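A.B. asks: Output the structure for:
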Amino acid sequence: MFRGLVIKIGEAGLTFVEIFRSILLGKFDWAETLRLIESGGVQTLPVVVLSSSFFGMAISASLAHVIITSYGTDTSVGGLVSKTMIRELGPVFIAVILVGSIGASITAEIAGMKVEDQIDALKVFRISLMNYLILPRVISTVISGPALILIGTFSAIMAGQLFTEFLYNIPAEIFWNSVKFSIDIRDLAEMLIKSFVFSIAIILIAFYNGFIVQGSSGNVGINTTRTVVWSQLAIFILNYIITETFFPILND
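C.D. replies: Next up is the predicted model:
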C-alpha cells in the first residue's frame, strides 16, 4: 500500500514537471484553451456575480445587525464585511460554485471520452493528450478560477454596501472608509493564494475522476458526483490549512 502511494506521488510529480515544461515551451492548443476560458469562465461569470451579490447581502445584513445592536456604531461594518469576504467566505463560496461549473464538467467530458474510446483514438492518431486535453484545461482553470473569485468577492462587497445603505442607512462614504482602513496587502495575498490553490485542487480531482472511469456510461455520473464531493471537501480542508499555516499573524 505504501509503495503504491509513493509511486502515485512520484507519477503526479513527474506530471507536474511535464505540465510546467509544456507551458513554458508553449506546447498546448491555444484555440482549445481560449474556448475553455470562455465556456468555463466567461459563461460562468453571471452566475458567480449574481450568487455572490446575494451572498454578500445576506452576510452584510447579519454582520451589520450584530454590530449596530451590540455596539451602537456603523463605522466598522464595511471593514468587517470586506475582511470576512476577502479572507474566508468569498474564496470558499465561489470555489464551491466553480466545482460545479468547471470541475464537474471536466470530469464528465473526460470520462465520457474515455468510455466512448475517444481518448484511445487520440492516441492512435498520435495527438498528445498533454497538449490537447490536459494543458488547455489546466491553464483555463488557473486563469478563470482566480479571476472569478476576485470578481465575485468584489461583487459581494459592493452588494453588501448597497444593501446596508438601503437597510440600515449606512452612508457609502462611511462603509468604504472602513474598508480602506481595514484591508491590507496580506488580506489580498491570502485571497489570491487560496484562489490558485483551490483552482489547482479542483482541476486535479476532476482529471483523476475523469481518467479512472471504467465500464459503461453510467459510471460517468458517479465519477462526476465524486468530483463534486471530493473537491468541496478539499476546499474546506485547504482553506483551513492555508489560513492557519501561512497566515498565523492574521489570527492574532
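
A.B. asks: what residue ranges in the stretch 1-150 of the chain are flagged as low confidence?
C.D. replies: The stretch 1-150 of the chain contains residues with pLDDT under 70 at 1-28.

A.B. asks: In contact with the nearest residue to Gly100 once chain neighbours are set aside, which residues?
C.D. replies: Among residues not flanking Gly100 along the chain, Val228 sits closest, at 6.4 Å (C-beta to C-beta, 6 or more residues apart in numbering). Every C-beta, even on glycine, is put in place using the N, C-alpha and C of the backbone. Residues near Val228 by C-beta atoms under 8 Å, 6 or more residues apart in numbering: Val99, Gly100, Gly103, Ala104.

A.B. asks: Likewise for Ala64?
C.D. replies: Here Ala64 is in contact with Asp74, Val77, Val81, Thr164, Leu167, Tyr168, Ile170 (C-beta under 8 Å, 6+ apart).

A.B. asks: Mind doing that once more with 7 Å?
C.D. replies: Listed by C-beta atoms under 7 Å, 6 or more residues apart in numbering, the contact set of Ala64 reads Val77, Thr164, Tyr168, Ile170.

A.B. asks: Show me which pair in those residues is furthest apart.
C.D. replies: Maximum pairwise distance among the contacts of Ala64 (C-beta to C-beta): 7.7 Å, between Val77 and Tyr168.

A.B. asks: Name the residue in the two with the higher neighbour count.
C.D. replies: Val77 (25 against 15; other C-beta atoms under 10 Å).

A.B. asks: Quick check: the gap between the nearest residue to Thr141 once chain neighbours are set aside and Arg186.
C.D. replies: Closest residue to Thr141 apart from its sequence neighbours, by C-beta to C-beta, 6+ apart: Ile203 at 4.5 Å. Going from Ile203 to Arg186 by C-beta to C-beta, to the nearest Å gives 26 Å.
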